[in-house]
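Undergrad: The following comprises the amino acid sequence and a computationally predicted model.
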Amino acid sequence: MLTQQELEGVIAFHGHCCPGLAFGIRAGKWATREFGHATDEEIVVVVENDSCAVDAIQYLTGCTFGKGNFIFLDYGKMAFSFFQRSNGKNARLVARHDLLADLREQENLSVQPGASPRDNPSPLAPHSSPLASDLRQQMIDRVLHADFDAVFSVGPAQIAMPEKAKIHKSIPCDACGEMTMTTRILCDLRFTSGHNLCIPCHEK
């Protein structure tokens, strides 16, 4: 059960409450029950979108980009995988299609035909009309209080457990001079000397 303190902490961390954040709250709270809270790198999260949900998962699980145990895959899916290094335990949560479809339909029903976007702001937005705000709260409540099985399906992770975070050597880019991790340096073969370039300089 999410405590009021946790809820307030998640909202403060993210900046507002919305249906997307509610999905992350449910996923993050489930993960802490099943895997515990990460104080270092013993738990790893792989998220498949960059929606509001991922902030709640970071806050609740203790997995972060900075520790190297919060990994983003740009797949556009409301799906989250969790790993425990000590015993290999893993799971992948995927938001239920029917729930996502119902929420989208509920949002569409709030739109008045012929009205401008200003008159019909999305209830998924953090700031909108009173009607949209009421609808947004209904959607949040539905995600937060529904049976877990109605929000997510649970299965095994579909990828191998990510390796531990590594600290790589940095060298200066031959173009801009800025220190860059060697794993992100590209050798530009257009030059006979094979200049070592950072990604932005190589793209230029």
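TA: Great, that's in hand. Numbers count the residues shown, from 1 in each chain.

Undergrad: only C-alpha atoms for contact and neighbour calcs from this point on.
TA: OK.

Undergrad: Helix, strand, or coil at Glu163?
TA: Three-state assignment for Glu163 (DSSP: H, G, I helix; E, B strand; the rest coil): coil.

Undergrad: Phi, psi for Leu197 please.
TA: Note on Leu197: its backbone torsions stand at phi -120, psi 140 [degrees, to the nearest 10].

Undergrad: That one is in contact with Ile185, isn't it?
TA: Yes - between Leu197 and Ile185 a contact is recorded at 5.5 Å, counting by CA atoms under 8 Å.

Undergrad: could you point out which element follows the helix or strand encompassing Asp134?
TA: Asp134 is located in helix 130-145, with elements delineated by DSSP states H and E. Next in sequence after helix 130-145, counting helices and strands by DSSP H and E, comes helix 148-151.

Undergrad: re the thing from before, which one's more surrounded, Leu197 and Ile185?
TA: Leu197 (24 against 21; other CA atoms under 10 Å).

Undergrad: related to what we said a few turns ago, so what's in contact with Leu197 and Ile185 at the same time?
TA: Both Leu197 and Ile185 are contacted by Cys173, under the criterion CA atoms under 8 Å, 6 or more residues apart in numbering.

Undergrad: Show the contacting residues for Leu103.
TA: By CA under 8 Å, 6+ apart, the neighbours of Leu103 are Met139.

Undergrad: let me fix that: Ile171
TA: By CA under 8 Å, 6+ apart, the neighbours of Ile171 are 178-182.

Undergrad: Kindly report the same for Glu178.
TA: Contacts of Glu178 (CA under 8 Å, 6+ apart): 171-172.

Undergrad: and it, how far is that from Val94?
TA: With distances taken as CA to CA, to the nearest Å, Glu178 is found 40 Å from Val94.

Undergrad: Nearest to Met1 among the contacts of Ile171?
TA: Taking CA to CA as the measure, Met181 is the one of those closest to Met1, at 42.2 Å.

Undergrad: and this structure, what are its domains?
TA: 4-99+125-155, 170-203 (automatic domain parsing).

Undergrad: Point out the most buried one among the ones you listed.
TA: Among those, judged by mean count of other CA atoms under 10 Å, the one packed with the most neighbours on average is domain 4-99+125-155 (a mean of 18).

Undergrad: Rebuild the domains of the chain as TSV, extending it with mean pLDDT and distance to Gln106.
TA: Shown next, in TSV, are the domains of the chain (pLDDT from 0 to 100; distance: least, CA to CA, whole Å):
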stretch	mean pLDDT	distance to Gln106
domain 4-99+125-155	93	8
domain 170-203	83	43
